[in-house]
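Colleague: Generate coordinates for the sequence data below:
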Amino acid sequence: MSADTRKTTATLIGFTAVLMWALLALFTAASGRVPPFQLSAMCFAIGGCIGLTRWITVPQARAALARQPWQAWLLGIGGLFGYHFFYFTALRNAPAVEAGLIAYLWPLLIVLFSALLPGEKLRWHHVAGALLGFAGAALIVTRGESLDIDPQYAFGYLAACVCALVWSGYSVLSRRFSAVPTDVVTGFCLATAILSVICHLALEQTVWPASLTEWLAVAGLGLLPVGLAFYTWDHGVKHGDIQLLGVSSYAAPLFSTILLIAFGFAPLTWAVVAAAVLVTGGAALAAKDTLTSRRKARDTLAA
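Modeller: The predicted model follows:
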């Protein structure tokens, strides 16, 4: 398998995380009134169990934990727990629409920060594609309405900014630890579950799912968007096209809204259609280099 093929495969694996994150809103809406940190603890415990199955069947996966540098552990736990901690803090201290949109600057920041990585080049179409994607995400989050930035929510806005910086920093810096196997994400998930339990006990009142449907929604969250997605994202950002993954991440709120519409949780509006055009156009623009290189390769083979 050539280097380009391996990179493309890793990018596609990473993109499955974006597809799984599209299920986040639907499953969260169906999970009832479980408080955020409690829900995080439950889901990351399930997500950690995904990796534990490999520890049982593949001894090397379990042994890999002890061989990793402390910096990798700090980055992994800080990324997974830090993102959710600051995201929940932002939602507690600012309106959800504005806080959510600020937090969703992380794909754009991934594209910009990727220029600092060895061997990566930031070109105009990467930035333009990311900006188009962000515009599409903004339409989805705001539903085509205006934003109301109120100074009294400055702390919440700041937490949302930190949230975006944490996840983009985690994603880009993971490339520096490409030798760290994805199996270690199991440890990141379990540590995040423990820290979420601590935050839950300190800040929230326990509320368990009230029906089988709500329990299934929590299980779905833990298995996919708050579980398997972190494993595939880890592989993608370490070995794939990180700039393309950053831009394509703006498809998550679009796909999420489409699912909510399909299941009757949201209406179809002009903003959804416009967002689809912007996100798709942004991803296509960001993928210009990849598409051009593939076309040249086909032409070369044909000749």
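
Colleague: any weak-confidence spans in the protein?
Modeller: Along the chain, the model assigns pLDDT under 70 to residues 289-303.

Colleague: how many other residues sit next to Arg6?
Modeller: Here the count is done by other C-beta atoms under 10 Å, and Arg6 has 12 residues near it. Yep, even glycine has a C-beta here, placed from its N, CA and C like the rest.

Colleague: The helix or strand it falls within - contacts with which helices or strands?
Modeller: Secondary structure from DSSP states H and E places Arg6 in helix 3-21. For helix 3-21, the contact count by 3 or more C-beta pairs under 8 Å, 6 or more residues apart in numbering; DSSP states H and E identifies helix 229-239, helix 242-248, helix 251-262, helix 288-302 as packing neighbours.

Colleague: What lies in contact with that helix?
Modeller: Contact with helix 3-21 is made by 1, 224-225, 228-230, 232-233, 235-241, 244-245, 248-249, 251-252, 255-256, 290, 293, 297, as judged by C-beta atoms under 8 Å, 6 or more residues apart in numbering.

Colleague: so Leu87 sits right up against Cys161, yeah?
Modeller: One correction, residue 87 is Tyr, not Leu. No - contact criterion C-beta atoms under 8 Å: Tyr87 and Cys161 do not qualify, at 11.2 Å.

Colleague: If you count surrounding residues, which of these two has more?
Modeller: Ranked by neighbour count (other C-beta under 10 Å), Tyr87 and Cys161 place Tyr87 first, with 22 against 17.

Colleague: Quick check: chain neighbours aside, which residue is closest to the more buried one?
Modeller: Counting by C-beta to C-beta, 6 or more residues apart in numbering, Tyr87 lies nearest to Cys163, which is 4.7 Å off, once chain neighbours are set aside.

Colleague: show me the residues around the one you found that make contact.
Modeller: Shown in contact with Cys163 (C-beta under 8 Å, 6+ apart): Tyr83, Phe86, Tyr87, Thr89, Ala90, Ile102, Ala103, Trp106.

Colleague: Please pull up the helix or strand immediately following the helix or strand encompassing the third one.
Modeller: Under the assignment given by DSSP H and E, the secondary-structure element containing Tyr87 is helix 70-93. Elements were assigned by DSSP H and E; along the chain past helix 70-93, the next helix or strand is helix 96-103.

Colleague: could you check the angle helix 251-262 makes with that following helix?
Modeller: Angle of helix 96-103 versus helix 251-262, following axes from the mean of the first three to the mean of the last three C-alpha atoms, to 10 degrees, is 150 degrees.

Colleague: Pull the distance from helix 96-103 to the chain's centre.
Modeller: 15 Å (C-alpha atoms, centre = their mean, to the nearest Å).

Colleague: roughly how far apart are the closest residue to Val184 other than its chain neighbours and Asp183?
Modeller: Take Val184 and drop its neighbours on the chain: the residue closest to it by C-beta to C-beta, 6+ apart is Gln68, 5.6 Å away. Distance, Gln68 to Asp183, using C-beta to C-beta, to the nearest Å: 10 Å.
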